[in-house]
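J.: can't give you the sequence, but here's the structure:
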C-alpha cells in the first residue's frame, strides 16, 4: 500500500521556521521525483518546489527562493522542506507529491494528505 505521510506543520510567527517531512512507503522511493505543493484558502493549489530522482536538481517557485530548501533522504524514504523566514502569505496546506520520473511532471502519481502551515503576522 502506498503511503505518504506529512508532518511538521503548525503555527509560527512571521520570520520563523518550520521543517516539513514527508515519509513514503509502499513504492520505490528512489525512482520518484518529489514535489511540494500548497493550497491557501480560496486559492488554487500551486507548486512550491521539487527535486529530481536522478541528479538531485531542484526547482523553487520565485516567492520561496532563498527561503525554502527541499531535500531528500533516500535511505529514510523521506523528503523535507525547510522553510525559513516565513511570511503570512506562506499560510496554506502543504502537500507532498511523487512522480515516477527523473524530473517532476504534473500530475503526480501520489499525493500526501497535507499538513497545515499557519504563519501569524
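T.: It's in. Quantities reported herein were computed from a predicted structural model and do not represent experimental measurements.

J.: please tell me how far the most centrally placed residue in the chain sits from residue 51.
T.: For the chain, the residue whose C-alpha lies nearest the mean C-alpha position (C-alpha atoms, centre = their mean) is residue 36; its distance is 2.7 Å. Taking C-beta to C-beta, to the nearest Å as the criterion, residue 36 is separated from residue 51 by 9 Å. C-beta: built from backbone N, CA, C; applies to glycine.

J.: which neighbours do these two have in common?
T.: Common contacts of residue 36 and residue 51 (C-beta atoms under 8 Å, 6 or more residues apart in numbering): 70, 79.

J.: follow-up on the earlier one: now the residue nearest to the centre of the chain. Nearest residue, chain neighbours left out?
T.: Once flanking residues are discounted, residue 36 sits nearest to residue 48: 4.5 Å by C-beta to C-beta, 6 or more residues apart in numbering.

J.: residue 94 is in contact with the one you found, correct?
T.: Yes: because the distance of 7.3 Å satisfies C-beta atoms under 8 Å, residue 48 is recorded as touching residue 94.

J.: which neighbours do those two have in common?
T.: Taking C-beta under 8 Å, 6+ apart as the contact rule, residue 48 and residue 94 both touch 36, 37, 38, 81.

J.: redo these as CSV? Include distance to residue 12, pLDDT and secondary structure.
T.: Listed next are these as CSV, based on distance: C-beta to C-beta, whole Å; pLDDT from 0 to 100; DSSP: H, G, I helix; E, B strand; the rest coil:
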residue, distance to residue 12, pLDDT, secondary structure
36, 17, 98, strand
37, 19, 98, strand
38, 15, 98, strand
81, 14, 98, strand
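
J.: and those residues, which are buried?
T.: 36, 37, 38, 81 (16 or more other C-beta atoms under 10 Å).

J.: from the residues you listed, which is closest to residue 102?
T.: Set against residue 102, the nearest of these by C-beta to C-beta is residue 36 (17.7 Å).
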